[in-house]
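Asker: What follows is a predicted structure for the sequence shown.
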Amino acid sequence: MDNSNKEKSSRALTEHFFRNEYGKMVSVITKYIGTENVETAEDIVQETLLKAVDFWEQNEVPKNPQAWLYTVAKNLTYNILKKKKHQLTYRNLKKGEQNLDTFEIQLTSDEIAFDNQLKMMFVCCHPSISENSQIALILKILCGFSISEIANAFFSSNETINKRLVRGRKQLRKNKVSFTIPPNLNQSLDSILKTIYLLFNEGYFPSKKHELIRYDLCLEAIRLVKILVSSKHIKNKSDCYALLSLMYLNASRFEARMNADNTIIEMEKQDRKKWNQELIQLGIQNLSLATQKKEPSIFLILATISANHCISPSFKETNWQEILLLYDKLVVLENSPISRLNRSIPLAIVKGNTAAIKELISLEANSDIGNHHLFHSTLGEFYKKENNVKKATTQLKKAISLATNKRDIDLLKRKLLTVVPN
Amino acid sequence: MKEFMLFIRSEEKPKANLSPEQLQQHIEKVGSFIKKLADQGRMKSAQPLEMEGRMLSYKDGKVIDGPYNETKEIISGYYHLLAEDLDEAIAITKEDPRFEEGIWRIEVRPIKKVEGIN
């Protein structure tokens, strides 16, 4: 490089350009070389990006960075196909050699690129793969997270995450998973949506450490559902819209939930002016798309509950009656202890703390929810409101003993202080 | 202005484990660091080096391969820099954003001026 660089203008890459292109390229290459070689596809794309770094760092970003990447990736794929001839099955090689001509078209057209990413989602969420591995595969392959980024986001180790990836890829080989949209689409779609929702919740769970990565998890979950929403293969998209709505609405409160000192602010005390109105609007729009078909679903109910919070001017003025009715419907569809525990909050507001306490005591007797600190902190809160200091203290102490996370323990200790000040 | 050679040292394939996001940040940050110095006329050259190559030495009357370092450390690139003195060269080097990635070492060495040549 010499001083002639002065004349060149700086070109900036769009945000998350590499990450987004990574998922697109791995998907398309996998289409050519088969899901059993997905790791090779990941390597090819990483190699492509490394070449770009060496070149662009010295010579500035080219005019069309996308085309630059695709050409390099295509050539690397060709070389691998030639080199690995004996390792790849005849079918894949033949398919690959025939179709590699359309490689760049596959990537440049948004529609086809979305389609390939959609197929990749079905591959990553193949029923033979465990939930843990499904999420790890989605993050690694479709979202371009590195092993250590996934480990950070999940408070896990590189080794554990790598094991999950290895196990997941092994299932793809063992089951000869094809790169197509499965015939029983609806069942697979349910598991994709569930996995994406888990991914979103991993990101949504507040933590100052790695906060940036965690918010990115939420954004990636939203991006993946947008791909589902834009697909013409999926006929009934009600659930996709509902999940998208739920994530937008919850994400609107992302920043308002945390204090500067890394403590959680409960919804009652959040500054509602900090809620992101743009995201709330998107949430509401998608909610109305989701309700076009009148089928109740878990995501639809959760999104409607979240929307009720979002549109209310204050905690007090929230339509708790409506929220309680929604929870009543939710527990019909999903009678899980955690749903019933969440239901106890509007129940206490609408029907009084005593009714909620009664409900929780019966819930504890009929499930193992008593092992969870949230159960005891919620029950303690109700006792506190009833001025039953003794029982409130017992419950909060029990919650502290069960909580494993420092952040939760801190929050609970502060609550305990409001019941029995030192 | 004096001339300096900066040897960028790292393990082999230093960027292999960086994520796409980190790689993009590398281009943006390190790229603009190099560009800024080039625009000021201070960076005469900046290049990465290929991972392949040979170490040659002379033994028993002939040129042989090796000996190779026992550590995995290699020189993965270099900067050819102009600065007032060693202190300034070090100050400039410290601003290289690649240090944030935690995988690089940079050796700053003044180029020796030999009198009588040129």
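Answerer: Done, it's in.
Asker: looking only at pLDDT, what's the mean for the helix or strand encompassing residue A:163?
Answerer: Element membership for residue A:163, per DSSP states H and E: helix A:158-174. If you average the pLDDT over helix A:158-174, you get 95.
Asker: Any idea how many residues pack against residue B:3?
Answerer: Neighbourhood size, residue B:3 [other CB atoms under 10 Å in any protein chain shown]: 14. Backbone N, C-alpha and C define where each C-beta goes, glycine included.
Asker: host element of it?
Answerer: Here residue B:3, judged by DSSP H and E, is contained in strand B:2-10.
Asker: CA atoms only for the longest helix seen in chain A - export them in CSV, please.
Answerer: With DSSP state H setting the assignment, residue counts place helix A:38-59 as the longest helix in chain A. C-alpha atoms of helix A:38-59 as CSV (Å, rounded to 0.1, in the frame of the first residue of the first chain):
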residue,chain,number,x,y,z
VAL,A,38,-22.4,-28.7,6.8
GLU,A,39,-19.1,-28.2,8.7
THR,A,40,-17.2,-28.0,5.4
ALA,A,41,-19.6,-25.3,4.4
GLU,A,42,-19.0,-23.4,7.6
ASP,A,43,-15.2,-23.7,7.0
ILE,A,44,-15.5,-22.4,3.4
VAL,A,45,-17.4,-19.3,4.5
GLN,A,46,-15.0,-18.6,7.4
GLU,A,47,-12.1,-18.9,5.0
THR,A,48,-13.9,-16.5,2.6
LEU,A,49,-14.3,-13.9,5.3
LEU,A,50,-10.7,-14.3,6.4
LYS,A,51,-9.6,-13.6,2.8
ALA,A,52,-11.8,-10.5,2.8
VAL,A,53,-10.2,-9.3,6.0
ASP,A,54,-6.7,-9.6,4.7
PHE,A,55,-7.6,-7.9,1.5
TRP,A,56,-10.0,-5.2,2.6
GLU,A,57,-7.9,-4.2,5.6
GLN,A,58,-5.2,-3.2,3.1
ASN,A,59,-7.1,-2.1,0.0
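Asker: can you list contacts of that helix?
Answerer: Applying CB atoms under 8 Å, 6 or more residues apart in numbering or on different chains, the contact partners of helix A:38-59 are A:1, A:18, A:22, A:25-26, A:29-30, A:33, A:62, A:65, A:68-69, A:72-73, A:76-77, A:80, A:84, A:123, A:140-141, A:169, A:172, B:15-16, B:20, B:23, B:26-27, B:30-31, B:34, B:46-48.
Asker: Buried residues of that helix, list them for me.
Answerer: By neighbour count on 16 or more other CB atoms under 10 Å in any protein chain shown, the buried set for helix A:38-59 is A:38-46, A:48-58.
Asker: Please, where are all the strands along chain B?
Answerer: Per DSSP state E, chain B carries strands over the ranges B:2-10, B:43-48, B:56-59, B:62-65, B:74-83, B:105-110.
Asker: how about JSON lines for the ones you listed, with mean pLDDT and distance to chain A added?
Answerer: Supplementary listing: these in JSON lines, determined by pLDDT from 0 to 100; distance: least, CB to the nearest CB, whole Å:
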{"stretch": "strand B:2-10", "mean pLDDT": "96", "distance to chain A": "11"}
{"stretch": "strand B:43-48", "mean pLDDT": "92", "distance to chain A": "5"}
{"stretch": "strand B:56-59", "mean pLDDT": "93", "distance to chain A": "25"}
{"stretch": "strand B:62-65", "mean pLDDT": "93", "distance to chain A": "26"}
{"stretch": "strand B:74-83", "mean pLDDT": "95", "distance to chain A": "9"}
{"stretch": "strand B:105-110", "mean pLDDT": "97", "distance to chain A": "15"}
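Asker: Redo the ones you listed as TSV? Include distance to residue A:133.
Answerer: Converted to TSV, the strands of chain B look like this (distance: least, CB to CB, whole Å):
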stretch	distance to residue A:133
strand B:2-10	32
strand B:43-48	36
strand B:56-59	48
strand B:62-65	45
strand B:74-83	34
strand B:105-110	37
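Asker: And residue B:50, how far from residue A:298?
Answerer: To residue A:298, residue B:50 is 54 Å away according to CB to CB, to the nearest Å.
Asker: Which residue of these two possesses the greater neighbour count?
Answerer: Neighbour count, other CB under 10 Å: between residue B:50 and residue A:298, residue A:298 has more, with 20 against 7.
Asker: residues contacting that one?
Answerer: With CB under 8 Å, 6+ apart, residue A:298 has these contacts: A:330, A:333-334.
Asker: One more: residue A:370?
Answerer: Residues in contact with residue A:370 (CB under 8 Å, 6+ apart) are A:364, A:376.
Asker: The longest helix of chain A: what's the following helix or strand?
Answerer: Proceeding C-terminally, helix A:38-59 gives way to helix A:65-83 as the next helix or strand, assigned by DSSP H and E.
Asker: Next, the buried residues of that following helix.
Answerer: By neighbour count on 16+ other CB under 10 Å, the buried set for helix A:65-83 is A:65-66, A:68-70, A:72-74, A:76-77, A:80-81.
Asker: repeat for stretch A:285-293
Answerer: Here stretch A:285-293 shows A:286-287, A:289-291 as buried, counting by 16+ other CB under 10 Å.
Asker: Ok, stretch B:33-50 next?
Answerer: By neighbour count on 16+ other CB under 10 Å, the buried set for stretch B:33-50 is B:33-35, B:37-38, B:42-44, B:46, B:48.
Asker: Quick check: the farthest pair among those residues?
Answerer: Longest distance between any two of those is 19.0 Å, between B:42 and B:48; criterion CB to CB.
Asker: any idea which of the contacts of residue A:298 is closest to residue A:350?
Answerer: Set against residue A:350, the nearest of the contacts of residue A:298 by CB to CB is residue A:330 (15.2 Å).
Asker: Show the contacting residues for the closest one.
Answerer: Applying CB under 8 Å, 6+ apart, one finds that residue A:330 lies in contact with A:298, A:301-302, A:305, A:339, A:343.
Asker: Tell me which of those residues has the lowest pLDDT.
Answerer: For the contacts of residue A:330, the pLDDT minimum is residue A:339, 91.
Asker: What separation is there between residue A:405 and chain B?
Answerer: According to CB to the nearest CB, to the nearest Å, residue A:405 and chain B sit 26 Å apart.
Asker: residues in contact with whichever strand or helix holds residue A:242?
Answerer: Element membership of residue A:242 [criterion: DSSP H and E] is helix A:238-251. Outside of helix A:238-251, the residues within contact range by CB under 8 Å, 6+ apart are A:189-190, A:193, A:196-197, A:200, A:204, A:218, A:221-222, A:225-226, A:228-229, A:234, A:276, A:279-280, A:282-287, A:289-293, A:295, A:297, A:299-300, A:302-303, A:306-307, A:309-310.
Asker: With that, I have no additional questions.
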